[in-house]
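> Sequence and computational prediction follow.
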Amino acid sequence: MAVQVGILGATGAVGQRFIQLLDDHPTFEIAALTASESSAGKTYREAAKWRVETQIPDDVAEMEVGATTPDDVSDDVDLLFSSLPSSVAEEVEPQFLEEGYVISSNSSNDRMADDVPLTIPEINADHLGLIEVQRDNRGWDGALIKNPNCSTITMVPTLAALDQFGLERVDVTTLQAVSGAGYSGVTSMEIIDNAIPHIGGEEPKMETESRKLLGGFDGSELSMHDSTVNASCNRIPTLDGHLESVFVDLAEEPSPEEAREAMRAFPGVDLPSAPDQLIHVFGDDEPERPQPRLDRSRADGMQISAGGVQSTSSGLKYNCLAHNTIRGAAGASLLNGELLVEEGWI
């Protein structure tokens, strides 16, 4: 029997990715779409200015869009995916949670809350145990789970693979695609023939979310990973795909080939949207890879790519890449939703 799902903020860029990824999904069936009051009552085709490269699924195109309130979403919906702006989500998500809905959210609010799982299924699925803590703390029957920021999720799988060598310090410089700012987030006059060495709020997210994702969970409380993370975030004129240059200090001294093998061997998860191999690693014969245009769509945009692994005086340096609106946003929430089903929370 299909799991009925709804999308909060369905007309935006990430909401459109949700619809693309949920088309013909083996487990989930779209049963509700919400957006702003100005879109409520329209068909999805009328309400959304569709910008994804595939066509709107016919059945979704004719669905009526509701307002983003619990009264506009059927009780039959088992799971909500949230792509709301964080300023809206922090007000709206608790309303749904108090009514008993389970939410897999891409919005940035509450990611660092002590009782909210911030989850990448391949990295820290056990953090879902925080749901019970969350329910006790907040007195609701619903459950809120978050996926990390698009730049964080690009890097953290590679860090998790290298943590066996004693991860102590991370320095990262990002080259982030314009789609990460939304369709109207960066104007052409700002970004063409240019690079912008600042993305508001991005660096603190990478520096804190990474340590939470890699931290431990003892069944009742999270502990942050004890590494230090420093980030410098930059916007460049690529459409999709965040490329990141990472420097790691390690307690041990693995060779570049040992590091590459650790990334290749890092286990994936058996979920419908997960790639068979989490990290694709380029050898030292391809030092120019990964590249956004060539590698962002590996495994339908759900795989992390890494390459250029070299030794430094205190550890390693390498590059990594992920599709920011798929693996870094809608696809990450989708995987978390699949994990919630697999682990029996839905």
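Noted; the coordinates are in hand.

> all contacts plus neighbour counts: C-alpha atoms, from now on.
OK.

> contacts for whichever strand or helix holds Glu190?
If you go by DSSP states H and E, Glu190 is part of helix 188-191. Helix 188-191 has contacts (CA atoms under 8 Å, 6 or more residues apart in numbering) with Arg235, Ile236, Pro237.

> Could I get those in JSON lines, plus columns for distance to Val172, secondary structure and pLDDT?
Below are the contacts of helix 188-191 laid out as JSON lines (distance: CA to CA, whole Å; DSSP: H, G, I helix; E, B strand; the rest coil; pLDDT from 0 to 100):
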{"residue": "Arg235", "distance to Val172": "14", "secondary structure": "strand", "pLDDT": "98"}
{"residue": "Ile236", "distance to Val172": "16", "secondary structure": "coil", "pLDDT": "98"}
{"residue": "Pro237", "distance to Val172": "19", "secondary structure": "coil", "pLDDT": "97"}
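
> can you pick the most crowded of those residues?
In terms of neighbours by other CA atoms under 10 Å, the contacts of helix 188-191 top out with Arg235 at 22 neighbours.

> for the stretch 101-250 of the chain, what spans make up the strands?
In the stretch 101-250 of the chain, the strands defined using DSSP state E, counting those that start in this stretch lie at 102-105, 143-146, 167-176, 216-217, 222-223, 228-235, 242-250.

> which strands and helices sit next to the fifth one?
Using 3 or more CA pairs under 8 Å, 6 or more residues apart in numbering; DSSP states H and E, the elements in contact with strand 222-223 are strand 216-217.

> Name the residues that touch the strand it packs on?
Taking CA under 8 Å, 6+ apart as the rule, strand 216-217 contacts Asp126, His127, Leu222, Ser223, Met224, His225.

> Try it again at 6 Å.
Contact with strand 216-217 is made by Leu222, Ser223, as judged by CA atoms under 6 Å, 6 or more residues apart in numbering.

> Can you tell me the strand partners of it and which way each runs?
Taking DSSP bridges as the criterion, strand 216-217 sits next to strand 222-223 (antiparallel) in its sheet.

> for the partner strand, the distance to its chain's centre please.
Centroid displacement of strand 222-223 relative to its chain, using CA atoms, centre = their mean, to the nearest Å, is 20 Å.
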